[in-house]
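[1] following is a predicted model, sequence given first.
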Amino acid sequence: MSFPFADNVPDTIESLKTALMAAQSQVATVESALAAAQARISDDQALIAHLNLMIAKLKREKFGSRSERTARLVDQLELQLEELEATATEDELAAESAAAKTTNVAAFTRKRPSRKPFPEHLPRERIVVPGPTSCPCCGSTRLTKLGEDVTETLEVIPRQWKVIQHVREKFSCRKCENIDQAPAPFHVIPRGWAGPSLLAMILFEKFGQHQPLNRQSERYAREGVELSLSTLADQVGACCMALDPIFRRIESHIFAAGRLHGDDTTVPVLAKGKTHTGRCWVYVRDDRPFGGADPPAAVFYYSRDRCGEHPQAHLANYTGILQADAYGGYTQLYESGRSPGPIIEAACWAHSRRKFFELADLAAAAQRRAKGKTQEVVSPLALEAVQRIDALFSIERDINGHSADKRLVARQELSLPLVTDLDTWMREQRAKLSRHNEVAGAMDYMLNRWDAFTRFLNDGRICLTNNAAERALRGIALGRKNWLFTGSDRGGRRAAIMYSLIITAKMNDIDPQAWLADVLARIAEHPARKIDELLPWNWKIRQVPLKHAA
């Protein structure tokens, strides 16, 4: 019996060792090559995902959000990029480890995108690595410095806590025995112990970053500072009282506008054995779309339910334009006999478009089909309605930020013919549909409020959508997943005050925490007649340094 390759079998131990080492080297080379190839594949996938994300963002920036699907696509691409980048880094390290075992395959190094320089305002700490004291070649000590290479590493220092001691010396007069001493420093809270920066951090973490006080308390304890939940809650309540004058001034500024955005969202409220569904209402003043010079702002209110009496109370003294959805609670505000006068209704085209889009969402239909669910027929009428409305949005994107007069001219010239055609087309198609048809329902939503939908054609200040209010409510929708519910009705009202301050600061491109810290440091001794100086848009101009910044 013969064996293949019998002639090549080593016949000594040394030759066997040599052959084994050669085989191991070949295996290591193959493994290294495979690891390098996998790293290249992962890097290519991450690069493709990165480029796709950039393209999607550029398209959205240039052409706007043509559908709700666009926003979901960008979020999905960002998640995909995150995972692929992590995978590519893991494979790169695996390739480096495999290449270290062989000299036949070069290590694979990813070509990463160029990083922006570290900000100039960050402090620099120089750690000088001592150079040689003598020449390693000839041993001479006559060395001359030619220059230096600097390698920068970004580092973070954990949050530092400190106690500020205000020392007030007492002096006694030897002549009259009078004792004199400087007055105690002002605190935001009577008999307070927390500095303004700490208070601002607590407030912003709770209402701006959606971190409940119990989580903050646990984190501070891990940092060596024990602040109980009740202690933190006490500071929050006192700060809301101190900041109420700022809230009232923002409120007055908003309701002096000629046009407002209004909307509401749900807020779970803790009750015995269950939670109630409260509401958080928002009214936004934002004149930037038509080039207005007045600063933007938002005011929030809380209520236990969604009864129409709440928006009617909020807007009791307001007259002007209200951009909102078709909520029935606003109906009495639009009546001609209302005192002090009727509010003019302006409908949101994004709401109406969404109703058609849901019936024409090709991606959603494909997903349902892929999952084996009941296939929904994509309506060609809904698809055409979406395309017609998208043409109006395209015009609006081009005139956004222009003056009201210029917007009005463009709308009369470009938008009016499209709206007229849409009206004619919808009425013709609606006559052919059953009242139970879903597309008919979407059409009726618009046709029954056609005056409110077309009001933007005669007023350059009116926006096509109510997105300004929806953006203001976005933080609450995100926060619900963290804080789960509001502890009480009073808690809901406190939250509304703080949301008003924080969202208004963000709308004016101001760091809410820095602004709150400065306001809390000043408000105790600030003249009431000059309270407007502390409003976000005026504070932005002054940029006065913060006292006792921690």
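    The structure has been received and is ready for your questions.
[2] quick one, what contacts the closest residue to Arg159 other than its chain neighbours?
    Using Cβ to Cβ, 6 or more residues apart in numbering and skipping the chain neighbours, the partner closest in space to Arg159 is Glu223 (6.5 Å). Backbone N, C-alpha and C define where each C-beta goes, glycine included. Applying Cβ atoms under 8 Å, 6 or more residues apart in numbering, we find Glu223 in contact with Pro158, Arg159, Trp161.
[3] ok, the last one - how many residues close by?
    In other words, Trp161. 11 (other Cβ atoms under 10 Å).
[4] and Asn538, that's in a helix?
    Yes. Membership of Asn538 in a helix is supported by DSSP: H, G, I helix; E, B strand; the rest coil.
[5] and it, what's its pLDDT?
    With respect to pLDDT, Asn538 scores 90.
[6] likewise for Leu232?
    The confidence metric pLDDT takes the value 85 at Leu232.
[7] can you give me phi and psi for it?
    Torsion angles at Leu232 (phi, psi; degrees, to the nearest 10) stand at phi -70, psi -40.
[8] all strands of the stretch 201-350 of the chain, in order?
    Along the stretch 201-350 of the chain, counting by DSSP state E, counting those that start in this stretch, strands occupy 259-271, 274-285, 297-303, 321-323, 344-346.
[9] out of the contacts of Glu223, who's nearest Val439?
    The closest of these to Val439 turns out to be Arg159 (Cβ to Cβ; 56.2 Å).
[10] count the neighbours of that closest one for me.
    11.
[11] equivalent analysis for the one 4 residues further on, please.
    Counted with other Cβ under 10 Å, residues neighbouring Val163 total 7.
[12] over to Leu213?
    Leu213: 21 surrounding residues under other Cβ under 10 Å.
[13] tell me the pLDDT at it?
    85.
[14] now do the contacts for it.
    Here Leu213 is in contact with Ile202, Lys206, Leu229, Leu232, Ala233, Val236 (Cβ under 8 Å, 6+ apart).
[15] distance of the last one from Ile189?
    When Cβ to Cβ, to the nearest Å is applied, the distance between Val236 and Ile189 equals 10 Å.
[16] residues touching Lys206, list them.
    Per Cβ under 8 Å, 6+ apart, neighbours of Lys206: Pro212, Leu213, Gln216, Val236, Met498.
[17] and if we set it to 7 Å?
    Shown in contact with Lys206 (Cβ atoms under 7 Å, 6 or more residues apart in numbering): Pro212, Leu213, Val236.
[18] what sits against the last one?
    Right, Val236. Ile202, Leu203, Lys206, Arg494.
[19] all helices for the stretch 51-200 of the chain, in order.
    Along the stretch 51-200 of the chain, counting by DSSP state H, counting those that start in this stretch, helices occupy 68-99, 196-203.
[20] pick out the shakiest of those helices, pLDDT-wise.
    Among these, helix 68-99 carries the lowest mean pLDDT, at a mean of 59.
[21] so what's the residue count around the closest residue to Cys135 other than its chain neighbours?
    Excluding the flanking residues, the one nearest Cys135 by Cβ to Cβ, 6+ apart is Leu143, at 6.6 Å. Neighbourhood size, Leu143 [other Cβ under 10 Å]: 11.
[22] gap between Leu143 and Met21?
    Leu143 is 46 Å from Met21, by Cβ to Cβ.
[23] check Asn508 too.
    71 Å.
[24] neighbour-wise, which of these two wins?
    The neighbour comparison of Asn508 against Met21 (other Cβ under 10 Å) goes to Asn508, with 18 against 10.
[25] quick one: residues contacting the more buried one.
    Contacts of Asn508 by Cβ under 7 Å, 6+ apart are Pro295, Pro296, Pro536, Trp537, Lys540.
[26] go again using 10 Å as the cut-off
    Asn508 makes contact with Pro295, Pro296, Ala297, Trp515, Leu535, Pro536, Trp537, Asn538, Trp539, Lys540 under the criterion Cβ atoms under 10 Å, 6 or more residues apart in numbering.
[27] give me the neighbour count for the second one.
    Right, the one you point to is Pro296. Neighbours of Pro296 using other Cβ under 10 Å come to 23.
[28] my read: it touches Ala468, true?
    Yes. The pair Pro296 / Ala468 is scored as a contact, 8.1 Å apart, by Cβ atoms under 10 Å.
[29] which residues are in contact with each of the two?
    Common neighbours of Pro296 and Ala468, using Cβ under 10 Å, 6+ apart, are Val284, Arg285, Asp286, Arg288, Met507.
[30] residues near the second one, how many?
    Burial of Arg285 is recorded as 24 neighbouring residues (other Cβ under 10 Å).
[31] what's the separation between it and Ala19?
    For Arg285, the distance to Ala19 - Cβ to Cβ - is 83 Å.
[32] how about low-confidence regions in the stretch 401-550 of the chain?
    Low-confidence segments of the stretch 401-550 of the chain (pLDDT under 70): 479-487, 540-550.
[33] OK, contacts around Arg455?
    So, once contact is read as Cβ under 10 Å, 6+ apart, Arg455 ends up touching Ile321, Gln323, Ile344, Glu345, Ala346, Ala347, Arg449, Ile462.
[34] excluding its backbone neighbours, what's nearest the third one?
    What that stands for is Ile344. The shortest distance from Ile344 to any non-neighbouring residue, by Cβ to Cβ, 6+ apart, is to Ile321 (4.7 Å).
[35] next: the second one.
    Among residues not flanking Gln323 along the chain, Ala346 sits closest, at 4.4 Å (Cβ to Cβ, 6+ apart).
[36] and that neighbour, what does it touch?
    By Cβ under 10 Å, 6+ apart, the neighbours of Ala346 are 259-261, 321-324, 451-456, 459, 461-464, 466.
[37] about what we covered before: near the residue nearest to Ile344, how many other residues are there?
    Neighbours around Ile321, by other Cβ under 10 Å: 19.
[38] against Leu457, how distant is it?
    In terms of Cβ to Cβ, Ile321 sits 14 Å off from Leu457.
[39] ok, Ala477 to Thr266 distance?
    For Ala477 relative to Thr266 (Cβ to Cβ), the value is 9 Å.
[40] what is in contact with the two at once?
    Cys280.
[41] doesn't Lys432 belong to a strand?
    No. Lys432 is assigned coil when assessed by three-state DSSP, not a strand.
[42] that one reaches Met426, doesn't it?
    No. Between Lys432 and Met426 there is no contact under Cβ under 10 Å: 11.1 Å.
[43] settle it for me: which of these two has more neighbours?
    Using other Cβ under 10 Å as the criterion, Lys432 and Met426 rank with Met426 on top: 21 against 9.
[44] got the contact list for that one?
    Leu381, Ala385, Arg388, Val439, Ala440, Ala442, Met443, Asp444, Met446, Leu447, Trp450.
[45] chain center to whichever helix or strand it is part of, what's the gap?
    Per DSSP states H and E: Met426 is located in helix 416-430. A distance of 37 Å separates the centroid of the chain from that of helix 416-430, by Cα atoms, centre = their mean, to the nearest Å.
[46] CA atoms only for that helix - export them in PDB, please.
    Extracted C-alpha coordinates of helix 416-430, given in PDB (Å, rounded to 0.1, in the frame of the first residue of the first chain):
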ATOM      1  CA  LEU A 416     -51.300  80.400  -6.100                       C
ATOM      2  CA  PRO A 417     -51.600  78.500  -9.400                       C
ATOM      3  CA  LEU A 418     -50.500  75.300  -7.800                       C
ATOM      4  CA  VAL A 419     -53.000  75.700  -4.900                       C
ATOM      5  CA  THR A 420     -55.800  76.500  -7.400                       C
ATOM      6  CA  ASP A 421     -55.000  73.300  -9.400                       C
ATOM      7  CA  LEU A 422     -54.900  71.300  -6.200                       C
ATOM      8  CA  ASP A 423     -58.300  72.600  -5.100                       C
ATOM      9  CA  THR A 424     -59.800  71.700  -8.500                       C
ATOM     10  CA  TRP A 425     -58.200  68.300  -8.600                       C
ATOM     11  CA  MET A 426     -59.200  67.300  -5.100                       C
ATOM     12  CA  ARG A 427     -62.800  68.300  -5.600                       C
ATOM     13  CA  GLU A 428     -63.000  66.400  -8.800                       C
ATOM     14  CA  GLN A 429     -61.500  63.300  -7.300                       C
ATOM     15  CA  ARG A 430     -63.400  63.600  -4.100                       C
END
